[in-house]
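1. no sequence on this one, just coordinates:
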């Protein structure tokens, strides 16, 4: 640091900024603090306050909340009695909007601060408060108004009107909101835009990493699980020191990719890493337990996760998982409640992705209630929605439900067409990864099924796979539920028809 003694406060601030962009976070933090002290010595309290806010923001990203709050306190003290400046407007934004917890207070603050951005000719402050207002409105169910405000903020980003750090910030926040809404078309559009934007930066380690997480989420929806895992793993490593929440989400995406590919042990490791970094590993962990045949544990886990979340949008993926788990556990009332909530959420927020989730879950529940004729109409719409959203795995899962519904109403020809289409789609998925398995079966369930098809008893299956007989029975129960079968003979026939007895 002695070599930098000759640098001005502005030089130190610029050096800190450059270090952050290339991912040298410790150097960035130390130099930012030096810039803060240099501005204080120079008698520039506004510049010192802005630097203190910059430092707080970097610390919040690293989940060092106590230290970050202390630096915001320093900024506040420096600006006491000096409220007619853009620095004070940014301080209000951080304290009342970014760090806020009450939606009404956040909304009012964003609306009050935005005109200050206009007055002080600061387009970044205008854009970020516009995006914040949109985010709050979406959370309250006023989706059209909220999305219009997000698009307005993004217009400033695309036009190149904002400093790069704020442009990247708004890009990432808007994409995260689209993901939560399951607004996949918007999410793809803005992720494409962020990728292009990142490619034009000399360095953008954090924003490139976050962009990779979002691209991995989209690849997962398309069934490209190996690519999704690789991209998310790279992103997690790149942003670990810069943003704890982004690294945690990357690990969660890795876990989901592994779970879907049947790597259950690898999925558990990734979910545990996500949890260690502060990301609730649900619903992935509950679905993992279901795949392991631990249905009771899975059901309890997803119910606890739902009890801990109030907001409708974060509850949506939990409800979708709750339907699958509850149906496997033969807890029809729980499945029905979760499906009904999903329908209400889709109706309130209106995105095509939420409608597909809700229809998928509702159709599965109707089928479990032996209402196949009603299920057909619902599942047809859900299948069309998933196909339109380029979600082939989910579409294939709905086709398998359709096959069961058609069979239940006696249309065996249509049932076979749906099953064949689903099997074909699943075989095309993830060419870089492991073989896609039919009807949502896990690797372990296929192993059990193959041995049952060879005439093994539960005790013999347990011995061969080093499992307890109780666990084998749970796997068989899950297999019967997923395949709509009720006997070992039918399960053995299925295994032979789908080539699952090889080896």
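-> Okay, I see it. What you see is a predicted model, and the numbers here were worked out from it, not measured in a lab.

2. How far does stretch 85-92 sit from its chain's centre?
-> 32 Å (CA atoms, centre = their mean, to the nearest Å).

3. Show residues contacting that stretch.
-> Here stretch 85-92 makes contact (CB atoms under 8 Å, 6 or more residues apart in numbering) with 46, 49-50, 53, 72, 75-76, 79, 82, 109, 112-113, 116-117, 120, 122, 125. All C-beta atoms are positioned from the backbone trio N, CA, C, and that covers glycine.

4. buried set for that stretch?
-> 85, 86, 87, 88, 89, 90, 91, 92 (16 or more other CB atoms under 10 Å).

5. Name the SS class of the fourth one, please.
-> The one in question is residue 88. Local secondary structure at residue 88 is given as helix here, using DSSP: H, G, I helix; E, B strand; the rest coil.

6. Equivalent analysis for the one 3 residues further on, please.
-> The three-state label for residue 91, taken from three-state DSSP, comes out as helix.

7. Sketch out the low-pLDDT regions of the chain for me.
-> Low-confidence regions of the chain, defined here as pLDDT under 70, cover residues 1-5, 430-437, 443, 466, 502-503.

8. at 90 what do you get?
-> Low-confidence segments of the chain, defined by pLDDT under 90: 1-7, 100-101, 200-203, 261-263, 291-293, 419-420, 422-456, 460-487, 489-503.

9. need the strands for it, in chain order.
-> All residues of the chain lie outside strands when identified by DSSP state E.

10. do you know how far residue 115 is from residue 122?
-> In this structure, residue 115 lies at 11 Å from residue 122, with CB to CB, to the nearest Å as the measure.

11. typed the wrong thing, it's residue 33
-> Looking at residue 33 against residue 122, where the rule is CB to CB, the gap reads 24 Å.

12. ditto for residue 18
-> Separation of residue 18 from residue 122 (CB to CB) stands at 22 Å.

13. Can you pick out the residue with more neighbours from the two?
-> In this view residue 18 and residue 122 are compared by other CB atoms under 10 Å, and residue 122 has more residues nearby, 18 against 15.

14. Who are the contact partners of the more buried one?
-> Residue 122 makes contact with 86, 89, according to CB under 8 Å, 6+ apart.

15. Go again with 7 Å.
-> Residue 122 makes contacts with residue 86, as judged by CB atoms under 7 Å, 6 or more residues apart in numbering.

16. now swap in residue 203 and tell me
-> When the contact criterion is CB under 7 Å, 6+ apart, the partners of residue 203 are 21, 22.

17. Could you pull up phi and psi at it?
-> Here is the backbone geometry of residue 203 (degrees, to the nearest 10): phi -160, psi 140.

18. any idea how far residue 119 is from it?
-> With the distance defined as CB to CB, residue 203 ends up 33 Å from residue 119.

19. Check residue 306 too.
-> Here the distance between residue 306 and residue 119 works out to 45 Å (CB to CB).

20. the more surrounded of the two?
-> When neighbours are counted by other CB under 10 Å, residue 306 comes out ahead of the other of residue 306 and residue 119, with 21 against 13.

21. Give me the neighbour count for the nearest residue to the more buried one once chain neighbours are set aside.
-> Nearest non-adjacent residue to residue 306, counting by CB to CB, 6 or more residues apart in numbering: residue 318, 5.1 Å away. Other residues near residue 318 come to 22 when the count uses other CB under 10 Å.

22. What count of nearby residues applies to residue 265?
-> Neighbouring residues of residue 265 were enumerated by other CB under 10 Å; the total is 9.

23. whoops, I mixed them up, residue 295
-> For residue 295, the neighbour count with other CB under 10 Å is 21.

24. where's the closest residue to it other than its chain neighbours relative to residue 205, distance?
-> Residue nearest to residue 295 in three dimensions, not counting chain neighbours: residue 329, with 4.7 Å by CB to CB, 6+ apart. As judged by CB to CB, residue 329 and residue 205 stand 44 Å apart.

25. Please name the residues that touch residue 405.
-> When contacts are counted by CB under 7 Å, 6+ apart, residue 405 is found next to 367, 372, 375, 376, 379.

26. The first one reaches residue 402, doesn't it?
-> No - using CB atoms under 7 Å, residue 367 is not in contact with residue 402, being 9.2 Å away.

27. Looking at these two, which one has more neighbours?
-> The residue with more neighbours, out of residue 367 and residue 402 and counting by other CB under 10 Å, is residue 402; that gives 27 against 22.

28. How about the more buried one: what's its closest non-neighbour residue?
-> Taking CB to CB, 6+ apart, and ignoring the residues beside it in sequence, residue 402 has residue 418 as its nearest neighbour in space, at 4.4 Å.

29. hmm, back to that, state the number of residues packed around the residue nearest to residue 295.
-> Applying other CB under 10 Å, we find 20 other residues in the vicinity of residue 329.

30. ok, it - contacts?
-> Listed by CB under 7 Å, 6+ apart, the contact set of residue 329 reads 295, 296, 299.

31. Kindly report the same for residue 406.
-> When contacts are counted by CB under 7 Å, 6+ apart, residue 406 touches 414, 415, 418.
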